[in-house]
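> fold the following, please.
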Amino acid sequence: MMDWKDIKRVLLGDRPPIPYLAFGKDELPAEGLTMGTLIIGKQGSGKTSSLARMILDYAVKFPNRGIFSLDSSGSLTDTILTLILQQPKEVQEKLLKRVVYDELGNREWVVPLPEFSPEYGAYYEDQVQRVVRNLKKLSDYLVKNAPILGDIAITETGSELFRLICAIHNEHGENWQITEAKKLLIDKPMLRQATAKFGHEVPEAKWYFEKEFLSADVKPQERELRSYSLRAILGIIEPRETRARLGYYRPGWTPKEAIDKGLIVLVSGENLINQESTQHYLFTQVYSLIIAEINKRRPANPKDEPVMLVLDEVYSLLQIPGMAEEIGKISPLYRSRKLELMVVIQALWQLEKELRLKIWSLGNVMCFAVHDLNEAYEIAQQLFKYDPHVVKMPARSETGQPIIEADRGQYLTHANWIQGLKNRECFLRRYISEKQQDKYIRYVEKTTNLPGSTHEPLEEVKENLLKERGIRLRDALDVVNQRMLTSEPPHLN
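As a prediction, this is how the structure comes out:
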């Protein structure tokens, strides 16, 4: 006669004897997404397809909610767009109207996203401080090991330089941008002229450059030391595509617009795989603009719609210590502001050391197969409870005692299972709401099937979407390269 253990073995096959393991679908309740989500799985395990379908379902169900996807490889972006094209015509058209496609590093078209713009709805000083924080985090190693060359250059010289830049505009009232920062640092006569003409709008910057940086009492070598590391960091934005994106005066989209209108912003870094530093800078900028908008929210405001933010292997945010530290704080700190963070990785080693410890504070976990046994063991320890009733060896006699499986043995069994998961096979720890965790670990034997192929060419759709928000690269560069100093500054708020 079969007992319950035998029945579970028939139903679950070779799955470990976990008492709270139950069948489920690859679905995460929307009410629990503010707890944060970690999706982990090796390449080809099926995580991208499952995530793209979940994002699509979420977008259809909540047409008023903004969605941001930062995708380093472009794979998630392509899958989401493909799924949209496979929808019925009416649904497809509604979704495409919400899509903002932002392809970093495109050789012909650029979606502008300057560092400084009144369209962001923030004071210029707030924007200056945001840029300074980003530069310090991106140059974390330099700042820690050379505080004079790094920290002073960014915090002091950089802050005043960016304030001055925000005060400079051309004859059409279009502001200068960070793309002119290096030019001003190198061309001292131009810096003096800019300070004299526009400095009264930013008196602190005027004083710094006239009395400190450009003072005759400062030796040229010392001035060079104060600006050298900043100039080196600004060299990251020298590529033509990056100068066009950061240097154009008007943003192609803003986080505020995306949140207010429920847009689906897909930022793809596929063209910058071989430009690691540039990709780091641009993804960090986009992320910081989104967080700056979320920071404007009043905690627990019932009028605010939740906002989804997906980070798909964005190494600048997951591996650089300064940025990774901030990511680790998002889930507990931004829950009341209704930010739904999703972190997607192939392996735990992709996380910076401190973030690897904090990543388990994310409430939802979706785990596919992983390569490394040690990582599989760590996942098992974090997600599965030790069961003191699991028998390793039954009693040899009626009076004997069974041998109980030790914790390491149980976790090794679970780790072997995780390592051997098949394609599209996964398990979930999930929250049903912010207050209620699912009492079961949900085992998904096979993720949801995706629709068939589409007849519409993906590349053509991507190009059309890019043109909706973008401008020609050469036109943007013409605007940047033809900037001249004028005599009347704008009023800074």
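
> wait, what's in contact with Ser69?
Shown in contact with Ser69 (C-beta atoms under 8 Å, 6 or more residues apart in numbering): Ile55, Leu76, Thr77, Ile80, Ile264, Val265, Leu266, Val267, Val310, Asp312. (Glycine included, C-beta is placed from N, CA and C.)

> 7 Å - rerun?
By C-beta atoms under 7 Å, 6 or more residues apart in numbering, the residues touching Ser69 are Leu76, Thr77, Ile80, Val265, Leu266, Val267, Val310, Asp312.

> measure the fifth one to Ile320 for me?
Which is Leu266. 23 Å (C-beta to C-beta, to the nearest Å).

> and for the second one?
According to C-beta to C-beta, Thr77 and Ile320 sit 22 Å apart.

> circling back: just give me the closest of the contacts of Ser69 to Ser117.
Lowest distance from Ser117 to those (C-beta to C-beta) belongs to Val265, with 16.3 Å.

> give the buried residues for the helix or strand containing that closest one.
Element membership for Val265, per DSSP states H and E: strand 264-268. Within strand 264-268, the residues that qualify as buried are Ile264, Val265, Leu266, Val267, Ser268, counting by 16 or more other C-beta atoms under 10 Å.

> name the residues linked to the last one by a beta bridge.
What that stands for is Ser268. Beta-bridge partners recorded for Ser268 (DSSP bridges): Asp71, Glu103.

> my guess is it contacts Leu70, does it?
No. The criterion here is C-beta atoms under 7 Å, and Ser268 misses it with Leu70 at 8.8 Å.

> residues contacting Leu341?
Gly36, Thr37, Leu309, Ile330, Ser331.

> in a markdown table: the residues you listed, plus neighbour count and secondary structure.
Listed next are these as a markdown table, based on neighbours: other C-beta atoms under 10 Å; DSSP: H, G, I helix; E, B strand; the rest coil:
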| residue | neighbour count | secondary structure |
| --- | --- | --- |
| Gly36 | 25 | coil |
| Thr37 | 27 | strand |
| Leu309 | 23 | strand |
| Ile330 | 21 | helix |
| Ser331 | 23 | helix |
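
> just the pLDDT for the spatially most central residue of the chain.
Closest residue to the average C-alpha location of the chain: Leu311 at 3.9 Å, with C-alpha atoms, centre = their mean. You'll see Leu311 listed with a pLDDT of 96.

> need the phi and psi values for it.
Backbone torsions for Leu311, taken as degrees, to the nearest 10, come to phi -110, psi 100.

> that one bridge partners, please.
Leu70, Val343.

> verify the contact between it and Ile345 for me.
No. Contact criterion C-beta under 7 Å: Leu311 and Ile345 do not qualify, at 8.9 Å.

> what's the overlap in contacts for these two?
Leu318.

> give me the helix or strand of this structure that scores worst on average pLDDT.
helix 4-12 (a mean of 50; mean pLDDT, DSSP states H and E).

> ok, and the closest non-adjacent residue to Val307?
Leaving aside its chain neighbours, Val307 sits nearest to Gly66 (4.9 Å; criterion: C-beta to C-beta, 6 or more residues apart in numbering).

> let me see the contact set for that neighbour.
Ala258, Ile259, Gly262, Leu263, Val307.

> Thr77 and Ile320: who's more crowded?
Between Thr77 and Ile320, Thr77 has the larger neighbour count (other C-beta atoms under 10 Å), namely 25 against 20.

> so how far is Val343 from Asn364?
Distance from Asn364 to Val343, by C-beta to C-beta: 10 Å.

> Glu174 too?
Glu174 is 37 Å from Val343, by C-beta to C-beta.

> between these two, which one's more packed in?
For Glu174 and Val343, the more surrounded residue by other C-beta under 10 Å is Val343, and the numbers stand at 26 against 16.

> residue contacts, the more buried one?
Val343 makes contact with Leu38, Leu311, Ile359, Leu362 under the criterion C-beta under 7 Å, 6+ apart.

> export the longest helix seen in the chain to PDB, keeping only CA atoms.
Taking DSSP state H as the criterion, the chain has its longest helix at helix 276-294. Coordinates of each C-alpha in helix 276-294 appear next as PDB, following Å, rounded to 0.1, in the frame of the first residue of the first chain:
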ATOM      1  CA  GLU A 276      32.000  48.700 -21.200                       C
ATOM      2  CA  SER A 277      32.700  52.100 -19.500                       C
ATOM      3  CA  THR A 278      30.300  53.900 -21.700                       C
ATOM      4  CA  GLN A 279      27.600  51.300 -21.100                       C
ATOM      5  CA  HIS A 280      28.200  51.700 -17.300                       C
ATOM      6  CA  TYR A 281      27.800  55.500 -17.500                       C
ATOM      7  CA  LEU A 282      24.600  55.500 -19.600                       C
ATOM      8  CA  PHE A 283      22.800  52.800 -17.600                       C
ATOM      9  CA  THR A 284      23.800  54.500 -14.400                       C
ATOM     10  CA  GLN A 285      22.400  57.800 -15.700                       C
ATOM     11  CA  VAL A 286      19.000  56.200 -16.700                       C
ATOM     12  CA  TYR A 287      18.700  54.500 -13.400                       C
ATOM     13  CA  SER A 288      19.500  57.600 -11.400                       C
ATOM     14  CA  LEU A 289      16.900  59.600 -13.400                       C
ATOM     15  CA  ILE A 290      14.200  57.000 -12.600                       C
ATOM     16  CA  ILE A 291      15.100  56.900  -8.900                       C
ATOM     17  CA  ALA A 292      15.200  60.700  -8.800                       C
ATOM     18  CA  GLU A 293      11.600  60.700 -10.000                       C
ATOM     19  CA  ILE A 294      10.600  58.000  -7.500                       C
END
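
> just the closest of the contacts of Gly66 to Val461, please.
Leu263 (16.5 Å).

> in helices, which of the contacts of Val343 appear?
Short answer: these have none in helices (DSSP H).

> so which of the residues you listed comes closest to Gln419?
The nearest member of the contacts of Val343 to Gln419, counting by C-beta to C-beta, is Leu38 at 17.6 Å.

> run a quick neighbour tally on the closest one.
Count around Leu38 with other C-beta under 10 Å applied: 24.

> and what of Val480?
Residues near Val480, counting by other C-beta under 10 Å: 21.

> which residues touch the closest residue to it other than its chain neighbours?
With C-beta to C-beta, 6+ apart as the criterion, Val480 has its nearest non-adjacent residue at 3.6 Å, and that residue is Gly247. When contacts are counted by C-beta under 7 Å, 6+ apart, Gly247 touches Pro114, Gln177, Thr179, Val480.
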